[in-house]
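K.L.:
Structure for the following, please:
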Amino acid sequence: MTSTITSTSPTTAVTPTVPLQPLLHDEVVVVAAPTQAWSGRDGSIGANPVHGYWTGDQRFVARVDVRVAGTDVEPVAVVPSGARAVVFSGLLRGLDGAGADPDVRLDRRRTVRIDGVSERLRVTDRLRGTAAGVDPLEVTVRIRPDAAGMDAVKAGLGRVPVTATATADGAHATWTAGSVEVRLEAPGAAVTVDGDDVVLRWRVGRAHEVELGWDCAVRTPDAVVSGVRTPRPFDAPADVRDDRLRRWLERATDDLDALRLARPEGEFIAAGAPWFFTLFGRDSIWAARFLLPVDTSTAGGTLRVLAALQGTRDDPTTAEQPGKIMHELRQASLPVDNDEISLPPLYYGTVDATALWVCLLHDAWRAGLPDAEVEALLPALERALAWMRDHGDADGDGLLEYVDESGRGLANQGWKDSGDSVQWRDGTLATGPIALCEVQGYAHEAAVHGADLLDAFGRDGGDGWRAWAARLAERFRAAFWVADEVSRYPAIALDADKRPVDSATSNIGHLLGTGLLTPDEEAVVADRVVRPDMASGFGLRTLSTTAAGYWPLSYHGGTVWAHDTAVVIAGLTRSGHHDAARTLAEQLLAAAVAFDFRMPELHAGDDVSEVARPAPYPAACRPQAWSAAAAFPVWVAMGG
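P.N.:
Numbers count the residues shown, from 1 in each chain. From the prediction side, this is the model:
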């Protein structure tokens, strides 16, 4: 997101002139898709714009203030209890007796489920009313209903207050946030409405231990995705000797479970919290693909859900085309970058998801997805392959390219979809239509493995797709290879004039194992991705430090993305470059330790020779599906 700042001197505070996206790195989240709750590390809700209780893209509570006997709560610990719950511990020293030891403690347990959020307060008092008096304990909680949408909050905009209604007997309160119906209950409390707030008040006797709490239940009648109540179909691998890897796998498995969502055709994994709590073609495919060593059912559900939404017509406003796999599904249109871009609720603006869908179908079949499930998806396979030939290669040059025809969609439609992600070594931006290097690898793999599926199930066309893949490889070899002072390597892309865009990027690692490169070419790429300009010591940088546009906190121009590194690790493993795979796997493990084993969406491309741990990218999502699932290619590379 771009912003403008003004400053009169180095010591003058900078003042944003436009709203800014909230920073997330110090905030606490608990998740049970499609519900999530964000707060500060003390448990308080309201200081950061992202704070609140959410379901899908809708916030329904924006602020929660807790007061116990009028005294301040001083935080001392925050302890996650899996992905769905967290305990905030604090002291109530205003209620202490004489002496240095704290006497009164408040533990606040927040639990998220797919249809709501509950909180329990436990006050533990070792004085039991003796040294501190016998007055009743008064607890007051003020809860502010809200109806802000995720897109507005991400853009840095404010709250949308709504009015709640309390029942005459003070037993509960209700309100509507957008289309979400909310019911709040607080057993034992007097529930009233005071202006914008729902107020809960308890008066209880001072005792060794007092417990009380509230629950917000939600109903979402028009949701496009739903939460999952079925048992988790995957587990962390057993007998992992490396304690770092074991802890990452366990945390990742729990987060992936909490991100599970469903549509009628099956289950899939939501892209991530807070901004992408829904179905994303590319993200959900990669998460399911990473999980194949331990689970094929998630792949099966993901494939069926995406096949049901496969494009059937040409529509430039949504980027839909026959056979194309969608990019993202939302409840409503999504403004991006302060309304400069607006994505429709069902948006197809991705150049790679269609080929990746084919790759997932093949890999899931090889991993044991039942033949009957695979065969049922073969018509969708044939349509996806045809899209690559008839629409993906829009100009008939034998390569897949993209361009936004609507003027309101994403300018870049590979996984690096920010506006400045495709740039020359001198930092200038490439102009489209753009043909990304990794997309050619995906397409080659999809054509060859799609042909294998057609042959295996007695369908025609396999030889034709192998010939198509061979022509693609020849075209790639003639057009993409460039060199810098370090080595030869494939360019990130061809621009509108079919010139190779010469920056060295992590994209080249995605070519490994796709069959597009010869063994000698794969060896060149394998060597480059572990060189110091690319490998930071905490994973693979998205852009080489040799490029003028490199910056360790640039979203796609120098940061490290866990899933990106994991894709490369998997490719190194498949192509037989096991030492290089283990090198990058060790680097991701170092990052996992630094982030307490919940890998964020991305982190800074800081060099291990300069810092002991990488800086967070402050707006990175977490948990993020493909970042969590990245633990599994690391496990495989290390002998799993």
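K.L.:
Quickly list the domain ranges of the protein.
P.N.:
25-219, 253-637 (automatic domain parsing).
K.L.:
Could I get the ones you listed in a markdown table, plus columns for mean pLDDT?
P.N.:
A markdown table is the format used below for those (pLDDT from 0 to 100):
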| stretch | mean pLDDT |
| --- | --- |
| domain 25-219 | 92 |
| domain 253-637 | 95 |
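K.L.:
Show me the one of these that comes nearest residue 232.
P.N.:
domain 253-637 (4.5 Å; Cβ to Cβ). Glycine gets a C-beta too; all of them are placed from N, C-alpha and C.
K.L.:
got the end-to-end distance for that closest one?
P.N.:
Start and end residues of domain 253-637 are separated by 18 Å (Cα to Cα, to the nearest Å).
K.L.:
quick one on the thing from earlier: between the domains of the chain, which gets nearest to residue 235?
P.N.:
Within the domains of the chain, the stretch nearest residue 235 is domain 253-637; the backing value is 6.3 Å (Cβ to Cβ).
K.L.:
follow-up on the earlier one: please indicate which of the domains of the chain has the most neighbours on average?
P.N.:
domain 253-637 (a mean of 21; mean count of other Cβ atoms under 10 Å).
K.L.:
Quick one: residues contacting the closest residue in space to residue 548 that isn't next to it in sequence.
P.N.:
Excluding the flanking residues, the one nearest residue 548 by Cβ to Cβ, 6 or more residues apart in numbering is residue 427, at 3.9 Å. Residue 427 is in contact with 547-549, counting by Cβ atoms under 8 Å, 6 or more residues apart in numbering.
K.L.:
Considering the residues you listed, which is situated nearest to residue 73?
P.N.:
Distances from residue 73 to those, taken by Cβ to Cβ, are shortest for residue 549, at 45.9 Å.
K.L.:
which SS state does the residue nearest to that closest one when sequence neighbours are not counted fall under?
P.N.:
Leaving aside its chain neighbours, residue 549 sits nearest to residue 427 (3.9 Å; criterion: Cβ to Cβ, 6+ apart). Under the three-state scheme (DSSP: H, G, I helix; E, B strand; the rest coil), residue 427 adopts coil.
K.L.:
What distance do you get for residue 427 to residue 551?
P.N.:
10 Å (Cβ to Cβ, to the nearest Å).
K.L.:
Tell me where the longest helix sits in this structure.
P.N.:
Ranked by residue count, the top helix of the chain under DSSP state H comes out as helix 437-456.
K.L.:
ok now that one, how far from the chain's centre?
P.N.:
Here helix 437-456 is found 26 Å from its chain centre; the criterion is Cα atoms, centre = their mean, to the nearest Å.
K.L.:
From the contact counts, what lies against the helix or strand where residue 176 lies?
P.N.:
Taking DSSP states H and E as the criterion, residue 176 maps to strand 172-177. Packing contacts for strand 172-177, counted by 3 or more Cβ pairs under 8 Å, 6 or more residues apart in numbering; DSSP states H and E, involve strand 58-68, strand 165-166, strand 180-185, strand 190-194.
K.L.:
what do you get if the cut-off is 6 Å, keeping everything else the same?
P.N.:
In terms of contacts (3 or more Cβ pairs under 6 Å, 6 or more residues apart in numbering; DSSP states H and E), strand 172-177 is packed against strand 180-185.
K.L.:
Name the strands paired with the strand it packs on and say parallel or antiparallel.
P.N.:
Looking at strand 180-185 with DSSP bridges, its partner strands are strand 172-177 (antiparallel), strand 209-219 (antiparallel).
K.L.:
Residues touching that strand, excluding its own?
P.N.:
Defining contact as Cβ atoms under 6 Å, 6 or more residues apart in numbering, one finds that strand 180-185 is touched by 55, 58, 60, 172-175, 215-220.
K.L.:
so which of the residues you listed comes closest to residue 585?
P.N.:
Once Cβ to Cβ is applied, the member of the contacts of strand 180-185 that ends up nearest residue 585 is residue 55, at 36.4 Å.
K.L.:
and the gap between the closest one and residue 400?
P.N.:
37 Å.
K.L.:
And residue 604, by the same measure?
P.N.:
With Cβ to Cβ as the criterion, residue 604 and residue 400 are 31 Å apart.
K.L.:
Kindly report the same for residue 97.
P.N.:
Taking Cβ to Cβ as the measure, residue 97 falls 73 Å from residue 400.
K.L.:
which stretches of the stretch 451-600 of the chain form strands?
P.N.:
Applying DSSP state E, counting those that start in this stretch to the stretch 451-600 of the chain gives strands spanning 481-483, 488-490, 493-494, 500-501.
K.L.:
Indicate which one of those strands is closest to residue 273.
P.N.:
Set against residue 273 and scored by Cβ to Cβ, the strands of the stretch 451-600 of the chain come closest in strand 493-494, at 30.5 Å.
K.L.:
OK, contacts around the residue nearest to residue 525 when sequence neighbours are not counted?
P.N.:
Closest residue to residue 525 apart from its sequence neighbours, by Cβ to Cβ, 6+ apart: residue 508 at 5.2 Å. Neighbour list for residue 508: 489-490, 525 [criterion: Cβ under 6 Å, 6+ apart].
K.L.:
Can you tell me which of those residues is nearest residue 358?
P.N.:
Closest approach to residue 358 among those (Cβ to Cβ): residue 490, at 21.5 Å.
K.L.:
Could you double-check that that closest one lies in contact with residue 479?
P.N.:
No: contact criterion Cβ atoms under 6 Å: residue 490 and residue 479 do not qualify, at 9.4 Å.
K.L.:
With just CA atoms, put stretch 162-174 into CSV.
P.N.:
The C-alpha coordinates for stretch 162-174 follow below in CSV (Å, rounded to 0.1, in the frame of the first residue of the first chain):
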residue,chain,number,x,y,z
VAL,A,162,-24.2,0.0,15.4
THR,A,163,-26.8,0.1,18.1
ALA,A,164,-27.5,-2.9,20.3
THR,A,165,-30.7,-3.7,22.1
ALA,A,166,-30.8,-5.2,25.6
THR,A,167,-33.7,-7.3,26.8
ALA,A,168,-35.9,-5.8,29.5
ASP,A,169,-34.7,-8.3,32.1
GLY,A,170,-31.1,-7.5,31.3
ALA,A,171,-30.3,-11.1,30.3
HIS,A,172,-28.7,-10.5,26.9
ALA,A,173,-28.2,-8.0,24.1
THR,A,174,-28.5,-8.3,20.3
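K.L.:
This completes my enquiry, with thanks.
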